[in-house]
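Novice: Based on what follows, work out the 3D shape:
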Amino acid sequence: MIESILNFIVQIRDIFNHHILFSLAGLLLVGYAFGKIAEKFHLPAITGFIIAGFVLGKSCTQIVHPHMEKYLTSVTEIALGIIALTIGSEFSIQKLKRLGWKIMLVTFFEQMFAFIFVSVGLLLLRVPLVNALLFGAISSATAPATTVVIVRTLRVRGEFVDYLYGVVALDDAGCILLFSLVFALVSVLVGAGTSSQVGMMIGKGFLSIIYALLVGLVGGIILHAITIKQPHSNELMILSFGMIFLTTAVAISLHLSPLLSNMMVGTVIINLSRRNERIIRAFEPMTPPLYAAFFAIAGTELETGMLTNITVLITGFAYIIFRGMGKYLGASLSCMIVRAPEKVRKFLGLCLLPQAGVAIGLVLFLETTPIFSSLPPDVAESMTMLTNVVLFSVFINEIVGPPLSKIGLVKGVLK
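Specialist: Sure thing, here's the model as predicted:
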């Protein structure tokens, strides 16, 4: 009887799961149910969305067909565009004058502490120098999407949120710069490049950030120009979505960071006119299903195959622990130096533990870069191990990170 029911379910799945709307329907409906269950256990709904995506994804029931990945990517890009614009809108001139240098110092410390703790810690565990340095650079990235959604859910404001938004916004640019520097050095160490290429790689990292910001600058000016006299909220939403789509498409097509570009759009519009806060509010009715789909889609990418490799497990847990220590201690020490409020000093580090998109993007870059295509077999194998360890850490951080972020926010803002 049970076997017949299971066979019937499989047949239904195979009929419908090739259509993107079936996949999105499953992600939203099951994600909603799991989100409610997570809240019953005092966990953020994000955790439930991610678990729902995992259950529906390629590692479990495959109700979301693996071929849907390329189509669902567009939903992810839209959600990230709105998230980035929201973060950028927090960078008003008034806040920058008050907190700008403090946020930059805190970001530098928490990133460098994570880099040093992970690199040195893994070296002590006899991880090869090249891998340890790359692990350290990737560890500096955070997950701005988690931050924005939890802040929006809790409906909190204040100095703690100002620090948090500022740090996660700068983390993306800082991580790209640090990774460019380390990647250039590593290329020389493995013999895939010459010392003369180090400066070129670092310069390329700087230029990619500048170009991404320029795309956002132009996008922000255009968005301001076409919406400033627009009185109707529905038409404001249409124009705003159109510009986010355009900015994201241009950035991706030019191999730039759409996160940085859309953050710049948010920064530009909020500083050109406070009236542009209407743009941020215009997105609010659309964000709940987008964010739910975003985190559920992230869950479909999680794979259980890596959990059977002991080396991946040991290295992965070490990476997670060293990164967490570096982020927390770096944030706490720097907050003490800049004389941030006590709650910021105690709890900001907890909100920096989630890690997802940027980290995955960097390991995918390593897999596809031409510089490493001709590496010796042993070095190439170690690069594959690096990819698996980072994906494993993302698996754990996507489940554990949101609850810790929620704890940090609740204690830092509400208590």
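Novice: going forward, measure contacts and count neighbours with C-alpha atoms only.
Specialist: Will do.
Novice: count of neighbours near the closest residue to Ile150 other than its chain neighbours?
Specialist: Using C-alpha to C-alpha, 6 or more residues apart in numbering and skipping the chain neighbours, the partner closest in space to Ile150 is Lys406 (6.6 Å). Using other C-alpha atoms under 10 Å, Lys406 has 22 neighbouring residues.
Novice: Next, Lys406: phi, psi?
Specialist: phi -60, psi -40 (degrees, to the nearest 10).
Novice: State whether it and Val148 are indeed in contact, as I suppose.
Specialist: No. Counting by C-alpha atoms under 8 Å, Lys406 sits too far from Val148 to count as a contact (11.1 Å).
Novice: what sits against the residue nearest to Ile150?
Specialist: Leu43, Pro44, Ile150, Cys351 (C-alpha atoms under 8 Å, 6 or more residues apart in numbering).
Novice: pLDDT wise, what is it at?
Specialist: Note on Lys406: pLDDT of 79.
Novice: swap in the one 4 residues further on?
Specialist: What the model reports for Val410 is a pLDDT of 79.
Novice: show me what contacts Val218?
Specialist: Taking C-alpha under 8 Å, 6+ apart, one finds Val265 in contact with Val218.
Novice: Kindly report the same for the one 3 residues further on.
Specialist: Contact analysis of Ile221 by C-alpha under 8 Å, 6+ apart lists Val265, Val268, Ile269.
Novice: on that earlier part again, make JSON lines from the contacts of Lys406 and add distance to Ile314 to it.
Specialist: Below are the contacts of Lys406 laid out as JSON lines (distance: C-alpha to C-alpha, whole Å):
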{"residue": "Leu43", "distance to Ile314": "27"}
{"residue": "Pro44", "distance to Ile314": "28"}
{"residue": "Ile150", "distance to Ile314": "30"}
{"residue": "Cys351", "distance to Ile314": "24"}
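Novice: Could you tell me which of the residues you listed are located in helices?
Specialist: Using DSSP state H, the members of those that fall within helices are Ile150.
Novice: So which of the contacts of Lys406 wins on neighbours?
Specialist: Neighbour max across the contacts of Lys406 (other C-alpha under 10 Å) = Cys351, 27 neighbours.
Novice: these two touch, right, it and Ser405?
Specialist: Yes. Here Cys351 reaches Ser405: they are 4.1 Å apart, a contact under C-alpha under 8 Å.
Novice: Pick out the least confidently modelled helix or strand of the protein, by mean pLDDT.
Specialist: One helix or strand of the chain scores below all others by mean pLDDT, DSSP states H and E: helix 357-368, with a mean of 63.
Novice: can I get the contacts of Lys406 in JSON lines with pLDDT and distance to Ile244?
Specialist: Listed next are the contacts of Lys406 as JSON lines, based on pLDDT from 0 to 100; distance: C-alpha to C-alpha, whole Å:
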{"residue": "Leu43", "pLDDT": "72", "distance to Ile244": "31"}
{"residue": "Pro44", "pLDDT": "71", "distance to Ile244": "27"}
{"residue": "Ile150", "pLDDT": "77", "distance to Ile244": "22"}
{"residue": "Cys351", "pLDDT": "82", "distance to Ile244": "27"}
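Novice: Can you tell me which of the contacts of Lys406 is nearest Ile321?
Specialist: Cys351 (14.9 Å; C-alpha to C-alpha).
Novice: so what's that closest one up against?
Specialist: Thr147, Leu164, Gly401, Leu404, Ser405, Lys406, Gly408, Leu409.
Novice: So what does His42 look like in phi/psi?
Specialist: According to degrees, to the nearest 10, His42 has phi 60, psi 30.
Novice: how close does it get to Val400?
Specialist: For His42, the distance to Val400 equals 13 Å [C-alpha to C-alpha, to the nearest Å].
Novice: shouldn't Gly162 be in contact with Glu90?
Specialist: Slight slip there: residue 162 is Asp, not Gly. Yes. Taking C-alpha under 8 Å as the definition, Asp162 is a contact partner of Glu90 at 7.3 Å.
Novice: where in the stretch 101-250 of the chain is pLDDT low?
Specialist: Within the stretch 101-250 of the chain, the stretches with pLDDT under 70 are 184, 187-203, 205.
Novice: redo that, cut-off 50
Specialist: 195 (pLDDT under 50).
Novice: what's near enough to touch Gly53?
Specialist: Leu27, Gly31, Phe295, Ala296, Ile297, Ala298, Gly299, Thr300.
Novice: how close does the first one get to Tyr71?
Specialist: Yep, that's Leu27 we're talking about. Counting by C-alpha to C-alpha, the gap from Leu27 to Tyr71 is 14 Å.
Novice: Neighbour count: the two, which is higher?
Specialist: Applying other C-alpha under 10 Å to Leu27 and Tyr71 shows that Leu27 carries more neighbours, namely 31 against 11.
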